[in-house]
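S.K.: My questions are about this predicted structure, shown below with the sequence.
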Amino acid sequence: MRHWLPVLIAVLAACVPLVAHSHFLVNLATLTVFSAFLGQCWNISGGFGGLTSFGHAAFFGVGAYADAVIQTRWGISPWASLPLAVVLGAVLGAAIGFAASRAGLRGSYFALVTLAVAEVLRVIASASPITQGGLGILIKLNVTPGNFQFSDDRVFYGLAFLMLALSMAVAQWLTMSRFGTQLAAVRENEDAARALGVAIVRTKSAALALSGGLTALGGVLYVQMFLYVDPNIAFGADRTVEMLLVAMIGGAGTVWGPVLGAILLHVVADTSRIAIDAPGFAPMLYGVILLLIVGFLPKGVAGLKGWFVRA
Amino acid sequence: MSLDLLLPAVVNGLLTGGVYALVALGLTLIYGVLHIVNFAHGSLLMVGMYAAWMLATWAGIDPYLALPLVGVLMFGIGWALYRGVIGRVSRGQDQAILLATLGISVILNNLALVLFSGDGRTIDTSYSFSTLELGPLLVSVPRLISFACALVLAGALWAFMSRTETGRAIRAVAREPEGARLMGIRPERMFALAYGIGIACVGASACLLLPTFYVSPQVGDSFTLVAFTIVVLGGMGNFPGALAGGLLIGVTESVGGVLFGEQLGQLGVSAVFVIVLLVRPAGLLGRASG
C-alpha cells in the first residue's frame, strides 16, 4: 500500500512524453516537474533543516547568470558551465550558512538575511555591465545538443524529470542518513543538538550548500529552456515565494511534499488563468493559499495522510 | 567628490531619512510588542500610498491633509489584519507568523497589480518642485514639510507610549503578557492595538512620501528592506535606535546614490543590512547578546 503509489506516479510521469505530443501539454508537464524540483531544493534546507529562506532566488539566479554569461561572453558550451554554476550555488549556500549560523541567526533573522542577499545580487545584476544590467541576457538560438538546445521540447521534460529524481533521492537520503538525522535534530532543537555533539555550523552550511547547488542547476535549465534571463527573473522574490509555497503546500520536510505541492499549485494557477487572465491574479492566489496552509494545514497536504490512514 | 555635491546629498538624505524613521518606528513597535517580524510592512506602505493617491487624484484632497484620514484607515486595516489573520493563523509560532505576513504581502502586491496595473503613478501638486534657499543650499519644500511632520508624529507616538495609560498597558504586555493579564489588561487587545498603531505610522509615512515619490505595486518591497535595515541597525524594538537608524540610512542611500549612481547606491543599504546582521545582530545601540 505504501510503496506502490510513488512508483505509480514515477511511471506515469515518465510516460508523459510518450503520450503527450502537443506543445501545450509537454510545457505544462515540464513546468510542473520543474516547480516540484525547485520546491524540493527549498525543502532540503527549509523543510528538512528548518532554515526558512526568503532568498532562494539568489542560488537560482547565480546558476542562471553563470550559465548565460559564460556562454555569451566566451562562447563556452553550457555543458561546461553547468558544473561551475552548481559549484557557485553550493559555495554561496555554504557561505550564507556559515556566516548566518556563526552569527547565531535563526528564524526571522535568517529569513531576512537571505532576502537581503538575493536583493544585493539583484541590484548588482541590474547595474553591472557583465550581466548587461536590466536589459538581461538573450542567448543566441543555435539548436544543437552540444549547445544544450533541443528542437524537441520533450528533451527538456526528460532533463527536468531527471533533476527532480536527483533531488528526490537527496531528500530520501536525508530521511535515512546520519547527516539527515543530525539536520532534523538541529531543526527541532538547536541547543539540544549541540549538547549531543552535532556540529551546528557545519550541518547548516552543508544543508544550504546542497540546496544551493541544486537550485543553481535549476537556474541553468531555466536559461537553456527560455534562452533569456534578466535580474527580476533571476533574483526576484516571486521565484523564492513559489519555491517555498510548493514545499509548504505539499508538506515541508517530507520527501513527496514538493511533488504534491507543485501539482496542486499548477492546477490552481493554470485553471485560475483560464478564468481570470489578469497579471497578478494567479500570484495573488498563491498568497491566499499560503495563508490557508499556514492557518489550517501547517504540515501541508501530506499532513492529511494521518486522517485517511488512521481515521 | 566636491562638497557642493555632498552637502545637498546629506541634507536630502536626512530629510528622506526622517520619513524612513517613521516607517521603521512602526516596524520596531510591532516587533517590540508582538515579537512579529512584519514582512507585510512595505506592502502596507504601498496600500497607504495608493489610498493617498486615490484621495488626491479622484477627490482632490492634498496628501498632507489626507494624512489623518489615511492614518485612521490604515490603523483599521492593521487592526483587522491582526484580529482576522495574523493572530488567528500564528498560534504564537515564529515561523507561522513569518509566513503569514509574507502571504499578506504577496496578496497585497498582486492585488495592487490587478487593480492598478504595474505603472508607476505620481500626483501633481503646486509645491512638488518648489524649493527653499537656506544659505548655500536649495531644499525641497515638500521634503522639508514631510521631515517636520515625521518628527512631530514620532514625538507624538513616543508621548503616547510613555505618558498615556494605554501606552503603558501596551508596554506592560510587551514585557510581561501574563503579568499584564493579572493586572486586568487583555493582551490580545493590546497586540491588535499595537499592530494597528504600527500600520498607522506606515499610513502617515505614505502620505508624507507621496508628494515627492511615485507609487507602484512593487514599491513596498524596497521599503521593506530599508525599514528592516533601519530597525536592525537601531536594534529590534529600540525606539531612539529606529530614529537614528532612519536618518543614517537616508544619508547612506542619498550619498551612495551621488557617489555610485542611482542603482548601485541601493547596494549600500542592503550591504549595511547584511553586515550589521552578521556582525552585530543586536544592533549598533543594542546590548551585545545572542
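M.R.: Great, that's in hand.

S.K.: can you give me the helices for chain B?
M.R.: With DSSP state H, the ranges of helices along chain B come out as B:3-34, B:41-58, B:63-81, B:87-90, B:94-116, B:141-163, B:165-175, B:177-182, B:187-209, B:219-234, B:239-260, B:262-279.

S.K.: what distance separates the longest one from the centre of its chain?
M.R.: Same thing as helix B:3-34. Offset of helix B:3-34 from its chain centre (C-alpha atoms, centre = their mean, to the nearest Å): 9 Å.

S.K.: got it, and stretch B:202-219?
M.R.: For stretch B:202-219, the distance to the chain centre is 10 Å (C-alpha atoms, centre = their mean).

S.K.: what's the answer for stretch B:78-90, then?
M.R.: Computed by C-alpha atoms, centre = their mean, the chain-centroid distance of stretch B:78-90 equals 19 Å.

S.K.: ends of it, how far apart?
M.R.: 16 Å (C-alpha to C-alpha, to the nearest Å).

S.K.: Could you confirm whether it reaches chain A?
M.R.: Yes. Stretch B:78-90 lies within reach of chain A by C-beta under 8 Å from any C-beta of the partner chain, at B:85, B:88-89. For glycine as for every other residue, the C-beta is placed from the backbone atoms N, C-alpha and C.

S.K.: Quick one: mean pLDDT for that stretch?
M.R.: Taken as a whole, stretch B:78-90 has a mean pLDDT of 89.

S.K.: And stretch A:8-26, by the same measure?
M.R.: pLDDT averaged over stretch A:8-26 gives 76.

S.K.: go on, stretch A:195-214?
M.R.: Taken as a whole, stretch A:195-214 has a mean pLDDT of 94.

S.K.: so can I have TSV of the residues of stretch B:78-90 next to chain A showing distance to residue A:16 and neighbour count?
M.R.: Output for the residues of stretch B:78-90 next to chain A, formatted as TSV (distance: C-beta to C-beta, whole Å; neighbours: other C-beta atoms under 10 Å in any protein chain shown):
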residue	distance to residue A:16	neighbour count
B:85	38	19
B:88	40	12
B:89	36	23
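
S.K.: where along chain A do the strands fall?
M.R.: Assignment of strands within chain A using DSSP state E yields the ranges A:137-138, A:228-229.

S.K.: so how far is residue B:269 from residue A:107?
M.R.: Residue A:107 sits 23 Å away from residue B:269, going by C-beta to C-beta, to the nearest Å.

S.K.: Nearest residue to residue B:10 in space, ignoring adjacent ones along the chain?
M.R.: Spatial nearest neighbour of residue B:10, chain neighbours left out: residue B:251 (5.6 Å); criterion: C-beta to C-beta, 6 or more residues apart in numbering or on different chains.

S.K.: Can you check the pLDDT for residue B:286?
M.R.: With respect to pLDDT, residue B:286 has a value of 56.

S.K.: same deal with residue A:173?
M.R.: At residue A:173, pLDDT is 95.

S.K.: looking at the strands of chain A, which has the lowest confidence?
M.R.: strand A:137-138 has the lowest average pLDDT among these, namely a mean of 90.

S.K.: can you list the residues of the stretch 151-300 of chain A near chain B?
M.R.: Contacts of the stretch 151-300 of chain A with chain B, taken as C-beta under 8 Å from any C-beta, map to A:237, A:241, A:244, A:248, A:278-281, A:283-284, A:286-288, A:290-291, A:294-295, A:298.

S.K.: What count of nearby residues applies to residue B:141?
M.R.: By other C-beta atoms under 10 Å in any protein chain shown, 15 other residues sit near residue B:141.

S.K.: OK, contacts around it?
M.R.: Residue B:141 is in contact with B:127, B:130-132, counting by C-beta atoms under 8 Å, 6 or more residues apart in numbering or on different chains.

S.K.: Quick check: it vs residue A:108, distance?
M.R.: Counting by C-beta to C-beta, the gap from residue B:141 to residue A:108 is 39 Å.

S.K.: In PDB, list the C-alpha atoms belonging to stretch A:243-259.
M.R.: Provided in PDB are the C-alpha atoms of stretch A:243-259 (Å, rounded to 0.1, in the frame of the first residue of the first chain):
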ATOM      1  CA  MET A 243       9.700  27.500  -4.200                       C
ATOM      2  CA  LEU A 244       8.700  28.000  -0.600                       C
ATOM      3  CA  LEU A 245       5.000  27.600  -1.400                       C
ATOM      4  CA  VAL A 246       5.400  24.400  -3.400                       C
ATOM      5  CA  ALA A 247       7.200  22.900  -0.400                       C
ATOM      6  CA  MET A 248       4.800  24.200   2.200                       C
ATOM      7  CA  ILE A 249       1.600  23.200   0.300                       C
ATOM      8  CA  GLY A 250       2.700  19.600  -0.100                       C
ATOM      9  CA  GLY A 251       4.300  19.400   3.300                       C
ATOM     10  CA  ALA A 252       7.700  20.800   4.300                       C
ATOM     11  CA  GLY A 253      10.200  18.200   5.400                       C
ATOM     12  CA  THR A 254       8.600  15.300   3.600                       C
ATOM     13  CA  VAL A 255      10.000  13.600   0.500                       C
ATOM     14  CA  TRP A 256       6.800  13.700  -1.600                       C
ATOM     15  CA  GLY A 257       5.500  17.100  -0.400                       C
ATOM     16  CA  PRO A 258       7.000  19.200  -3.200                       C
ATOM     17  CA  VAL A 259       5.600  16.900  -5.900                       C
END
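
S.K.: quick one: stretch B:107-124 to chain centroid distance?
M.R.: The answer for stretch B:107-124 is 19 Å, by C-alpha atoms, centre = their mean.

S.K.: roughly how far apart are the most centrally placed residue in chain A and residue A:127?
M.R.: Against the mean C-alpha coordinate of chain A, by C-alpha atoms, centre = their mean, the closest residue is residue A:38 at 2.0 Å. Taking C-beta to C-beta as the measure, residue A:38 falls 26 Å from residue A:127.

S.K.: one step back: I figured the residue nearest to the centre of chain A hits residue A:216, correct?
M.R.: No. Judged on C-beta atoms under 8 Å, residue A:38 makes no contact with residue A:216 at a distance of 11.0 Å.

S.K.: Overlap of the contact sets of the two?
M.R.: Here residue A:38 and residue A:216 have residue A:60 as joint contacts, going by C-beta under 8 Å, 6+ apart.

S.K.: and residue A:140, what is it in contact with?
M.R.: Neighbours of residue A:140 in contact, by C-beta under 8 Å, 6+ apart: A:72, A:227.

S.K.: For residue B:124, grab phi and psi.
M.R.: Per-residue torsions, residue B:124: phi -100, psi 120 (degrees, to the nearest 10).

S.K.: before we move on, the earlier item: and which of the residues of stretch B:78-90 next to chain A is nearest chain A?
M.R.: Closest approach to chain A among the residues of stretch B:78-90 next to chain A (C-beta to the nearest C-beta): residue B:89, at 4.0 Å.

S.K.: And the nearest residue to the closest one once chain neighbours are set aside, how close does it get to residue B:91?
M.R.: Nearest residue to residue B:89 in three dimensions, chain neighbours excluded: residue A:295, at 4.0 Å (C-beta to C-beta, 6+ apart). Residue A:295 is 9 Å from residue B:91, where distance means C-beta to C-beta.

S.K.: need the helix or strand of chain B with the lowest average pLDDT.
M.R.: Within chain B, no helix or strand scores below helix B:262-279, which has a mean of 78 by mean pLDDT, DSSP states H and E.

S.K.: got any ranges where the stretch 151-290 of chain B has weak pLDDT?
M.R.: B:281-290 (pLDDT under 70).

S.K.: Could I get the contacting residues of residue B:208?
M.R.: Residue B:208 sits next to B:19, B:22, B:63-64, B:67, B:146, B:149-150 when contact means C-beta under 8 Å, 6+ apart.

S.K.: Make TSV from those and add neighbour count to it.
M.R.: As requested, those are arranged in TSV below (neighbours: other C-beta atoms under 10 Å in any protein chain shown):
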residue	neighbour count
B:19	26
B:22	29
B:63	23
B:64	18
B:67	22
B:146	27
B:149	19
B:150	27
